[in-house]
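Visitor: need coordinates for the following:
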Amino acid sequence: MPTLRKATLADIPALEELIARSARGLSRQEYRPEQIEGALQGAFGVDSQLLADETYFVVEDLGQIVACGGWSFRSTLFGGDARAGRDSSILDPRLERAKIRAFFVDPAHARRGLGSQLLDHCEDQARAHGYGGVELMATLPGAKLYAARGYVAAPLVHFDVGSGESIEFIPMHKALLTP
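Guide: Now for the predicted structure:
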């Protein structure tokens, strides 16, 4: 039975491997290999600020990390430690939306509800911290999950991943209703 727990700094090597495996395995239908590899240099990756803030979580199955994702009360919308231009300023829950961040699932464990389990947990955490809404930057394959969970899409954006490549993302948001 998969279990959810807070991610720790000791998890970083396993998270880096999971993120790469997930991006390469689950994004092939929507992105070219050059886009995926470019995104793995900054757009996709571990954000140690989330671990320090204790807002990043993993799902383990038989001792292996098979999914990860989190939420944030900081301004940065996406990207790992290697991404330039990050903003660690703290959001005002009365005026701004919390961020849903860095969801990745092992391809061997995809479509088993792990992303939904993490998303429920992160939305609950954001709501408990006073946020009335959440927003995220969805990958093309991830947008399907978020749309099914009530997220509203904005127009597609292109993010430069270097070497003349860009990757498409979909900004999405959702109001958090009080249960």
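Visitor: only C-alpha atoms from now on, for both contacts and neighbour counts.
Guide: Will do.
Visitor: rounded mean pLDDT for the longest strand seen in the chain, please.
Guide: Using DSSP state E, we find that the single longest strand of the chain is strand 165-175. Average pLDDT, strand 165-175: 97.
Visitor: assign Q117 to helix, strand or coil.
Guide: Under DSSP: H, G, I helix; E, B strand; the rest coil, the three-state class of Q117 is helix.
Visitor: what's around it, how many residues?
Guide: Close neighbours of Q117, defined as other Cα atoms under 10 Å, add up to 16.
Visitor: how about the one 10 residues further on?
Guide: The criterion is other Cα under 10 Å. On that basis, R127 has 20 neighbouring residues.
Visitor: show the contacting residues for the most centrally placed residue in the chain.
Guide: The chain has A102 as the residue nearest its centroid, 2.0 Å off, counting by Cα atoms, centre = their mean. Counting by Cα atoms under 8 Å, 6 or more residues apart in numbering, A102 touches 44-46, 68-70, 78-79.
Visitor: which SS state does it fall under?
Guide: At A102 the chain is in strand, as set by three-state DSSP.
Visitor: look up how far S163 lies from it.
Guide: As for A102, its distance to S163 is 23 Å (criterion: Cα to Cα, to the nearest Å).
Visitor: and for stretch 129-137, what are the contacting residues?
Guide: Outside stretch 129-137, the residues that touch it by Cα under 8 Å, 6+ apart are 77-78, 93-94, 96-101, 123, 126-127, 169-177.
Visitor: ok, 7 Å please
Guide: Residues outside stretch 129-137 that contact it (Cα atoms under 7 Å, 6 or more residues apart in numbering) are 77-78, 93-94, 97-101, 169-176.
Visitor: please identify the pairing partners of the lowest-mean-pLDDT helix or strand in the chain and their relative orientation?
Guide: Every helix and strand in the chain was compared by mean pLDDT, DSSP states H and E; the lowest is strand 157-162, with a mean of 92. Here strand 157-162 is paired, per DSSP bridges, with strand 165-175 (antiparallel).
Visitor: backbone phi and psi for D53, please?
Guide: Note on D53: backbone dihedrals following degrees, to the nearest 10 are phi -80, psi -10.
Visitor: now do it: how many residues are near it, please.
Guide: Number of residues near D53 (other Cα under 10 Å) recorded here: 12.
Visitor: who's in contact with it?
Guide: Contacts of D53 (Cα under 7 Å, 6+ apart): none.
Visitor: distance of it relative to Q41?
Guide: D53 sits 23 Å away from Q41, going by Cα to Cα.
Visitor: now swap in L140 and tell me
Guide: L140 sits 18 Å away from Q41, going by Cα to Cα.
Visitor: re the thing from before, so for the contacts of A102, which is the shakiest by pLDDT?
Guide: Within the contacts of A102, lowest confidence goes to G79 (83).
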